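S.K.: Dropping the sequence and predicted coords here.
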Amino acid sequence: MNRSTLTVPPAGTPQPEPHPEASVGVPLGPHYARCFGCGPDHPTGLHLEAVSHDGLSVHAEFTVGDLHQGAPGLAHGGVLATAIDEALGMVVWLLRKPYVTGRLETDYLRPVPVGTTLLITTRCTGVVGRKAYLEAEARLDAPDGPVAVRGAAVFVEVPAAHFERHGGGAGGMVPGREVNP
Ligand SMILES: CCCCCCCC(=O)SCCNC(=O)CCNC(=O)[C@H](O)C(C)(C)COP(=O)(O)OP(=O)(O)OC[C@H]1O[C@@H](n2cnc3c(N)ncnc32)[C@H](O)[C@@H]1OP(=O)(O)O
């Protein structure tokens, strides 16, 4: 399978260095309580939970429920892409700068039944200017389970004002709704 060159760091890009203050070995917690991906207050969200691994990678878990179906008994592909996007977002959080998804690629290798716990590993493979290059792999039910979804992405660094400017009162930086408080 060919991988898009858009999500691969240019040749010669040095391995990224973890931020000196990156969390390591601890639960990351939600970046926003009502986030569809990780927010505990979202009624139908994914409630994805994650632990930082080494400052440049994250281990995340998401259990597929009834509300996440596409075909009967199977996870919706868009929901799986959301889980990948969220777990990638947690890696760039470790870089201690605000990023948003610019490009997200997903390869679906196996169906994911309701009740499955997806174990998602994401990592940063390079940072060039404002762009962070990222990879993801989601396995079924165990760290060495079959790979169900692979992801790759470019996230783009944005000013902190991005969220207030575009989100405004509908979920932006209003009291109680801060991003990464
Ligand atoms: C707080 C954390 C929340 C985490 C939640 C999970 C992550 C998410 O789902 S974020 C929500 C979804 N994403 C968005 O809403 C982003 C919407 N898009 C935008 O805001 C803009 O298009 C944005 C910021 C990505 C880029 O715009 P802009 O700031 O003008 O940058 P721009 O100058 O065009 O591009 C900067 C660099 O990024 C690259 N780039 C921009 N878009 C892409 C893309 N889609 N694919 C690849 N590269 C891209 C450009 O080529 C450029 O590279 P270079 O520096 O080499 O020239």
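M.R.: Received it, and whenever you're ready, just let me know what you need. Treat the numbers as computed from the prediction; the structure is a model and nothing was measured.
S.K.: can we go C-alpha only for contacts and neighbour counts from here?
M.R.: Will do.
S.K.: Which positions in the longest helix along the chain come out as buried?
M.R.: Counting residues, the longest helix found in the chain (DSSP state H) is helix 77-94. Of the residues in helix 77-94, 77, 79-94 count as buried by neighbour count, 16 or more other C-alpha atoms under 10 Å.
S.K.: Which SSE is immediately downstream of that helix?
M.R.: Using DSSP states H and E, the next helix or strand after helix 77-94 towards the C-terminus is strand 99-108.
S.K.: and that following strand, anywhere near the ligand?
M.R.: Yes: Strand 99-108 comes into contact with the ligand (C-alpha under 6 Å from any ligand atom), by way of Val100, Thr101, Gly102, Arg103.
S.K.: Not including adjacent chain positions, what is the nearest residue to the third one?
M.R.: Closest residue to Gly102 in three dimensions, ignoring its sequence neighbours and counting by C-alpha to C-alpha, 6 or more residues apart in numbering: Phe155, at 5.0 Å.
S.K.: what's the one you found in contact with, if anything?
M.R.: If a contact means C-alpha atoms under 8 Å, 6 or more residues apart in numbering, then Phe155 has Val92, Tyr99, Val100, Thr101, Gly102, Arg103, Lys131, Ala132, Tyr133, Leu134 as its contacts.
S.K.: what do you get for Glu105?
M.R.: By C-alpha under 8 Å, 6+ apart, the contact set of Glu105 is Gly151, Ala152, Ala153.
S.K.: Export the residues you listed as TSV, with columns for distance to Gln15, secondary structure and pLDDT.
M.R.: Shown next, in TSV, are the contacts of Glu105 (distance: C-alpha to C-alpha, whole Å; DSSP: H, G, I helix; E, B strand; the rest coil; pLDDT from 0 to 100):
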residue	distance to Gln15	secondary structure	pLDDT
Gly151	19	strand	98
Ala152	17	strand	98
Ala153	16	strand	98
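S.K.: May I see these organised as a markdown table, with neighbour count added?
M.R.: Compiled in a markdown table, these are given as follows (neighbours: other C-alpha atoms under 10 Å):
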| residue | neighbour count |
| --- | --- |
| Gly151 | 23 |
| Ala152 | 26 |
| Ala153 | 26 |
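S.K.: Any idea what Val151 is bridged to?
M.R.: Just so we're on the same page, residue 151 is Gly rather than Val. Thr106, Ala136 (DSSP bridges).
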